[in-house]
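>>> give me a model of this one.
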Amino acid sequence: MPTGVAIRDAREQLFDAAERVLLRDGPNALTSRSVTTEAGFAKGVLHRHFADFDALLADLVLDRIAQIDHQAAALCNSAGTGTVADNLSGTLMALFGSVAVAIVALIISRDGLRARLRQTGSAGVPVLAEATAMIASYLTIERELGRVAADADVEMLAHLLIGTGHLLFADREGVPPEAAALERVVTMVIDGLVQEALL
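Alright, predicted model coming up:
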């Protein structure tokens, strides 16, 4: 990029470049040089927009968490429609079929990034914690609607669904699971807690 040329949406371009490197080459390949090269920028562009490389990565994670918030709103709005199993399966497929699994691997692999995210108030493993809260909120609404058993532990169900979903998708080298495989897992986890007619 020639010096003096204005770059539109440089932050977003750096986020997108970091995602591409992360998905293609894994968290160990993420460096300030690999991201700026992927974006087609001089290395100085990164430092004009972020204090350091971990700041870029932390903002990337927070940006992707904000996307989960949008997904959470859509899931909660689906309560009372379709089936509980289908709503959960579709949400988990969208969540883990995206960059979420790679982001979790990135967070786990970088101490500096985890420390920075803790300063923002993130608890647990960011992305997974927000995804778990999303599922628990949805199941709470379904419980209030009578589609999930009144005595169901929605927090535990949410942890089981997120943990199992993450494990199904976590093999970067493998082919993502088929939707039917995810649906079977979801149905097994919620079996007996959701009205049979709605499964």
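
>>> contacting residues for the most centrally placed residue in the chain?
With distances taken as CA atoms, centre = their mean, residue 100 lies nearest the centre of the chain, 3.4 Å away. With contact set as CB atoms under 8 Å, 6 or more residues apart in numbering, residue 100 has these partners: 64, 68, 127, 131. Using the backbone N, CA and C atoms, a C-beta is placed for each residue, glycine as well.

>>> from what I can see the last one touches residue 68, true?
Looking back up the chat, that one is residue 131. Yes: assessed by CB atoms under 8 Å, residue 131 is found in contact with residue 68 at 5.9 Å.

>>> find the residues that touch each one of the two.
Joint contacts of residue 131 and residue 68 (CB under 8 Å, 6+ apart) are 95, 100.

>>> tell me which element the nearest residue to residue 38 once chain neighbours are set aside falls in.
Sequence neighbours aside, residue 17 is the residue nearest to residue 38 in space, at 3.9 Å (criterion: CB to CB, 6 or more residues apart in numbering). Residue 17 is located in helix 10-25, with elements delineated by DSSP states H and E.

>>> can you list contacts of that helix?
Here helix 10-25 has contacts from 7, 29-30, 34-36, 38-39, 41, 45-46, 48-50, 56-57, 59-60, 63, 99, 102-103, 106, using CB under 8 Å, 6+ apart.
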